[in-house]
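Colleague: Prediction below, plus the sequence it came from.
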Amino acid sequence: KSWQEKGLTDDAFIKDYRDRNLAALKADGQKPNNGPTYWEKKAGLSKATRAVWTPDSKPQRSQVAQPQQPRSASAPEPISRTPKTFQEFISNGRELSKSVAEAGSRRKRERAMEKLRESLLKKGDIKSAKRFVESLDLSDLPKSERDGFREDLEEFAQLSGGGPRTLRYVMRDRDRAYANRAGTLNVGRKRRYAIARKRVVFHEAGHHIEFSDPTVYAAAQAWVESRRAGPNKSLRELTGNSSYGENEIAVPDHFVTPYVGRFYGAEAGATEVVSVAMEKFRDAEDMLELYEADREHFEFALGILASR
């Protein structure tokens with residue numbers, strides 16, 4: 001209760017998150033499972049523990065606490081200028097994408113998303129984006145391909161606040177695309193990567209947003225854990241794709257793709273949360289696809305980009 005009194009809990013977000021998930025269950029003809037969680041079962045409990053406090057509880061404010069002025073129903077939620085938790089990033093993203101939520105028809109949502117993406121690009125500093133791309137070492141790539149990669153990387157930098165400071169090298173030294181904390185973005189040698197160049201660039205560069213910002217990385221980790229629907233499973237099992245290695249595991253949930261939950265280890269420095277979202281942010285059509293498939297993931301990513 002003292003946390004609530006000090007304003008450390010986001011009651012509006014928790015209530016909205018609960019209501020939306022209950023509505024989704026009802027729409028699917030399902031009922032909420034109020035039994036013990038996975039970890040409670042592991043501890044030998046047969047019933048869910050009783051909550052000693054919930055966000056809906058009304059705290060008894062101390063005499064020194066100042067009552068908050070009620071906000072009108074039409075007033076927008078405040079945007080946190082320095083978000084630190086995934087809840088704050090999501091709240092910011094939800095506020096910024098209200099035009100999409102309020103659009104009626106599919107065509108109106110498409111147009112609203114186009115305008116939203118345009119606003120993100122206009123927010124970015126084109127000069128900073130160009131300087132960022134000029135600072136990158138692309139010498140490993142064929143000269144005939146460098147301009148295309150520069151164009152994609154410049155657009156990514158505009159969306160992401162000037163580009164992640166950890167990214168320094170763009171190369172093609174292995175078959176499979178990857179990014180690492182040493183400053184590398186490998187675009188991959190396989191033909192499918194060349195065909196989907198922009199998708200690959202946005203995905204792998206997205207890892208560097210987490211590499212360069214511990215706050216975003218911690219928030220992404222916490223968000224994945226908040227969505228956990230059981231113990232880690234192999235990506236082979238989750239996707240039915242045998243090309244994944246036996247050691248490639250993920251946190252299971254109804255993500256837009258099981259790969260979002262891929263688990264690298266607690267100290268890896270990156271998840272697949274931002275990278276998969278950035279794939280979708282490469283154009284307005286794919287942004288709307290993510291919004292409709294997993295609105296929370298979309299709002300989280302939007303909140304991250306808006307904070308940069």
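Modeller: That came through, no problem. It should be emphasised that the depicted structure is a prediction, and the values quoted were computed from it without experimental measurement.

Colleague: Give the buried residues for stretch 225-245.
Modeller: Applying a neighbour-count criterion of 16 or more other C-beta atoms under 10 Å, the buried positions in stretch 225-245 are 227, 233, 235, 238-239, 244. Any C-beta I mention is one placed from the backbone N, CA and C, and that applies to glycine too.

Colleague: And stretch 146-154, by the same measure?
Modeller: When neighbours are counted by 16+ other C-beta under 10 Å, the buried residues of stretch 146-154 are found to be 149-150, 152-154.

Colleague: which one of the residues you listed is nearest F281?
Modeller: For the buried residues of stretch 146-154, the residue nearest F281 by C-beta to C-beta is D152; the value is 12.1 Å.

Colleague: In contact with H208: list those residues for me.
Modeller: Under the criterion of C-beta atoms under 8 Å, 6 or more residues apart in numbering, the contact partners of H208 comprise 164, 166-167, 179, 185.

Colleague: what about 7 Å?
Modeller: Shown here is H208, whose contacts under the criterion C-beta atoms under 7 Å, 6 or more residues apart in numbering are 164, 166-167, 179.

Colleague: quick one, strands of the stretch 201-308 of the chain?
Modeller: Along the stretch 201-308 of the chain, the stretches classed as strands by DSSP state E, counting those that start in this stretch are 233-234, 249-250, 262-263.

Colleague: okay, and for the stretch 1-150 of the chain, where does confidence drop off?
Modeller: Within the stretch 1-150 of the chain, the stretches falling below the threshold (pLDDT under 70) are 1-14, 16-17, 20-21, 23-25, 27-29, 38-44, 51-81.

Colleague: hang on, the earlier thing: just give me the closest of the buried residues of stretch 146-154 to L290.
Modeller: Minimum separation from L290 among those (C-beta to C-beta) is found for D152, which lies at 18.5 Å.

Colleague: ok, for that closest one, nearest residue in space, not its chain neighbours?
Modeller: The shortest distance from D152 to any non-neighbouring residue, by C-beta to C-beta, 6 or more residues apart in numbering, is to V201 (4.3 Å).

Colleague: How about the contacts made by the one you found?
Modeller: Applying C-beta under 7 Å, 6+ apart, we find V201 in contact with 149, 152-153, 156, 187.

Colleague: if I look at it, how far off is A101?
Modeller: V201 is 29 Å from A101, where distance means C-beta to C-beta, to the nearest Å.

Colleague: May I have stretch 240-254 as CSV, with CA atoms only?
Modeller: What follows is stretch 240-254, C-alpha atoms only, in CSV (Å, rounded to 0.1, in the frame of the first residue of the first chain):
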residue,chain,number,x,y,z
GLY,A,240,7.8,-27.0,-35.5
ASN,A,241,11.0,-25.8,-37.4
SER,A,242,13.8,-28.3,-37.1
SER,A,243,16.4,-25.9,-38.4
TYR,A,244,16.7,-24.4,-34.9
GLY,A,245,19.4,-25.8,-32.8
GLU,A,246,18.7,-28.0,-29.7
ASN,A,247,20.1,-25.3,-27.4
GLU,A,248,17.8,-22.6,-28.8
ILE,A,249,15.1,-22.1,-26.2
ALA,A,250,12.3,-19.6,-25.6
VAL,A,251,9.8,-18.4,-23.0
PRO,A,252,6.4,-19.7,-24.2
ASP,A,253,3.5,-17.3,-24.7
HIS,A,254,1.2,-16.1,-27.5
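
Colleague: roughly how far out does that stretch sit from the chain middle?
Modeller: Relative to the chain's own centre, stretch 240-254 is displaced by 19 Å; criterion: C-alpha atoms, centre = their mean, to the nearest Å.

Colleague: Compute the number of surrounding residues for V256.
Modeller: Counted by other C-beta atoms under 10 Å, the residues lying close to V256 total 17.

Colleague: Correct me if wrong: it contacts H297.
Modeller: Yes - contact between V256 and H297 holds when scored by C-beta atoms under 7 Å: they sit 6.1 Å apart.

Colleague: Need the residues touching each of these two.
Modeller: L290.

Colleague: ok, back up a step: sitting in helices, which of the contacts of H208 do you find?
Modeller: For these, not one is inside helices, with DSSP state H as the criterion.
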